[in-house]
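Trainee: what's the 3D shape of this:
(one chain, ligands or ions: 2)
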Amino acid sequence: MKLHPVLAAVTQRIRERSAPTRSAYLDRIAQAAARERGADRMGCANVAHAFAGIPPNDKFRVVAERAPNIAIVNSYNDMLSAHAPYGSYPPLIKEEAHRLGANAQVAAGVPAMCDGVTQGTAGMELSLFSRDVIAMATAVGLSHDVFDGALLLGICDKIVPGLLIGALQFGHLPMVFVPGGPMPSGLSNTEKSKVRELAAQGLVGRKELLDAEEKAYHTQGTCTFYGTANSNQMLMEAMGLHVPGAAFVQPQDDLRGELTREAVRTVLANLKSRRYTPIGRLVDERSIVNAMAALLATGGSTNHLIHWVAVARAAGMVIDWDDFDRLSSVVPLLARVYPNGVADVNAFQDAGGPGYVIRELLDAGLMHDDALTVREGGLREYTRIPHWGEGRKGLAWADAGASGDDSILRPAGQPFSRTGGLKLLTGNLGRSVIKVSAVPEDRHVIEAPARIFDSQDDLLAAFKAGELERDVVCVVRWQGPRANGMPELHKLTPPLAVLQGKGFRVALVTDGRMSGASGKVPAAIHVSPEAEAGGALALLRDGDIVRLDAPAGRLEALVDGEEWSRREPARMTDAQREHNAHGVGRELFGGMRRNALEAERGACTWL
Ligand SMILES: O=C(O)[C@H](O)[C@@H](O)[C@H](O)[C@H](O)COP(=O)(O)O
Ligand code: SF4
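Mentor: Ligands and ions are numbered 1, 2, ... in the order given. Have a look, this model is predicted:
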């Protein structure tokens, strides 16, 4: 199928805009590829140190026989239910590498923050920048420079973008991402949210709420809502960086181990293949646009409007929210997965999963069919679902076929919506984005008096005091990258949903973020420039009429122009600055905040 002209145009725009930085990037990775292999190029002491810790015959294999040496970059910890399974992966990877005459070494452990644990707490103010910490930690591990390829083990929010940003600094090497899969479904996300809204109104106590939460999040594996973590998985499939269809096979499924072994086979096969595809060449304008299309077609996380800008930039490409907005005007919404529906990712997988979405988008010309992947067969391999082969020997794949449930997955010809789930908003408050796919149609336009808050806690207090029982646009400012690390304000979802449920017309406007799991309340987020960097949110006052018009792509303060231009901006108080700078390690992130670019430029801290 011919590529849709808008996809072709957006890809071309990105190519032209990125030409200088992309060609410089490709030159650097070509030079890196031209250098001799690590062990041959390094001094004897370096080599001895690099392999002193591995068994003697592994050392002989790598140093004397020059067997391929694969780096494992692992984000294992027991804090994230999604990452806890990774504790057992390195021995399995090493065993498969040895079986194939190669070696594998854990090059680095990288940190991983659980945004569910830190949601609403001070720790969330480290979350966004933990992405760049993970990127740096990935680079620290790979900088030992004795590797021929790498396996990147990560799933959740900032971990996949961070691993990818770090890995792209070694773009001359082939690399494969290794997922762990979602936990089996527990209490549904819809039921969980209902209990939260009852708790927000004081109608159930802590015991009932904790009981519901523990039934929702009940074992190892990724949480089952379609938030940032599971959006990451969809994008890894759409970019061909996984073993095809590996994203949503559960950790408890014995196929998971075979998929991990297949990742070892895949990275080693790439090394020997005539189509040698290092990650820096694989991640090009086509694969970035494919990821954007997959995000839009599934109503994925708004966090990717920040992270994928940073990922693209790490490979020398410059994308922006206009690119997303133009793609959103032609990429249909093919999936309804919570918060954009009631199904969770297990039901999404059963209905056809990423393979179905990628097949539909490819057949409709809404993805680049010629994009490079870690597999010989290209992106068409990713339209299939893995299962055990004959006699449970190895893997086989079956075509995704028709949707298993058209309340969850629909064909491109009969989508849930003709446009994607994300919209760019412009106007006198700055540029921002909104995820409309999860917002009821009659809430896509909100015009109401503003109530200004300097923190999410202030908003929660006002809600508890009954001060918000009316049509209101709640503005929470000083939440941008430079102000306090741009936390997610997802704790605001239940109270705002309660107000919306009572029939009030409410919206949130913030220079902060929301969770990928946020959804049903209209929220104009990532307002750029942020209030702390001279953004117009600092000019807003209680009572100003604010209009959020998603269909028109507008966010405006309806204040007389003269009056608006005369206003003095509010400033963050010294007490706020002091509070933002201390506690839970925030002291260590001051440099990243001062250096952070705005949200639309990926909130990158390294440029
Ligand atoms: O972007 C995301 O997807 C969120 O950061 C998610 O990873 C986070 O954990 C949410 O807070 C979970 O949702 P609840 O807080 O509703 O459990
Ligand atoms: S999806 Fe979110 S809450 Fe669940 S494990 Fe990952 S980071 Fe934590």
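Trainee: Every contact and neighbour count from this point should use C-alpha atoms.
Mentor: Noted.
Trainee: Now do the strands in the stretch 451-600 of the chain.
Mentor: For the stretch 451-600 of the chain, the strands defined by DSSP state E, counting those that start in this stretch occupy 472-476, 506-510, 523-528, 545-549, 554-557.
Trainee: Quick check: mean pLDDT of stretch 498-516?
Mentor: Per-residue pLDDT values across stretch 498-516 average out to 96.
Trainee: Ok, stretch 457-472 next?
Mentor: Mean per-residue pLDDT for stretch 457-472: 97.
Trainee: quick one: terminal-to-terminal distance for it?
Mentor: Stretch 457-472 has an end-to-end distance of 17 Å (Cα to Cα, to the nearest Å).
Trainee: Check which residues of it are buried.
Mentor: In terms of neighbour count (16 or more other Cα atoms under 10 Å), stretch 457-472 has its buried residues at 457, 459-460, 463, 468-472.
Trainee: and the lowest-mean-pLDDT helix or strand in the chain, what does it pack onto?
Mentor: When each helix and strand of the chain is scored by mean pLDDT, DSSP states H and E, helix 38-41 comes last, with a mean of 80. With contacts defined as 3 or more Cα pairs under 8 Å, 6 or more residues apart in numbering; DSSP states H and E, helix 38-41 has no helix or strand neighbours.
Trainee: neighbouring contacts of it?
Mentor: Outside helix 38-41, the residues that touch it by Cα atoms under 8 Å, 6 or more residues apart in numbering are 35, 47, 63, 145-147.
Trainee: can you dump the C-alpha coordinates of that helix into PDB?
Mentor: C-alpha atoms of helix 38-41 as PDB (Å, rounded to 0.1, in the frame of the first residue of the first chain):
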ATOM      1  CA  GLY A  38      37.200  -3.500  21.600                       C
ATOM      2  CA  ALA A  39      39.300  -6.400  22.900                       C
ATOM      3  CA  ASP A  40      41.700  -6.100  19.900                       C
ATOM      4  CA  ARG A  41      42.100  -2.300  20.200                       C
END
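Trainee: What average pLDDT does the next helix or strand after it get?
Mentor: For helix 38-41, the succeeding helix or strand toward the C-terminus, using DSSP states H and E, is helix 44-51. Over the span of helix 44-51, the pLDDT mean works out to 92.
Trainee: And helix 44-51, what's buried?
Mentor: Buried residues in helix 44-51, counted by 16+ other Cα under 10 Å: 47, 50-51.
Trainee: on that earlier part again, buried among the contacts of helix 38-41? Need that as a selection in PyMOL.
Mentor: For the buried members of the contacts of helix 38-41, the matching PyMOL selection, counting by 16+ other Cα under 10 Å, is:
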select buried, resi 47+63+145+146+147
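Trainee: Narrow the buried residues of stretch 457-472 to those in helices?
Mentor: Using DSSP state H to define helices, the subset of the buried residues of stretch 457-472 located there is 457, 459-460, 463.
Trainee: just those residues now: which is nearest Ala97?
Mentor: Comparing these against Ala97 with Cα to Cα places Asp457 closest, at 50.6 Å.
Trainee: Look up how far ligand 1 lies from the closest one.
Mentor: As for Asp457, its distance to ligand 1 is 16 Å (criterion: Cα to the nearest ligand atom, to the nearest Å).
Trainee: Residue numbers of the stretch 1-150 of the chain in contact with ligand 2?
Mentor: 80-82, 114-116 (Cα under 6 Å from any ligand atom).
Trainee: swap in the chain?
Mentor: Near ligand 2, when you scan the chain using Cα under 6 Å from any ligand atom, you find 80-82, 114-116, 156-157, 222-223, 229.
Trainee: Check which residues of the host helix or strand of Gln31 are buried.
Mentor: Using DSSP H and E, Gln31 sits in helix 5-34. Neighbour-count burial for helix 5-34 flags 6-8, 10-11, 13-15, 18, 21-22, 25-26, 28-29, 33 (criterion: 16+ other Cα under 10 Å).
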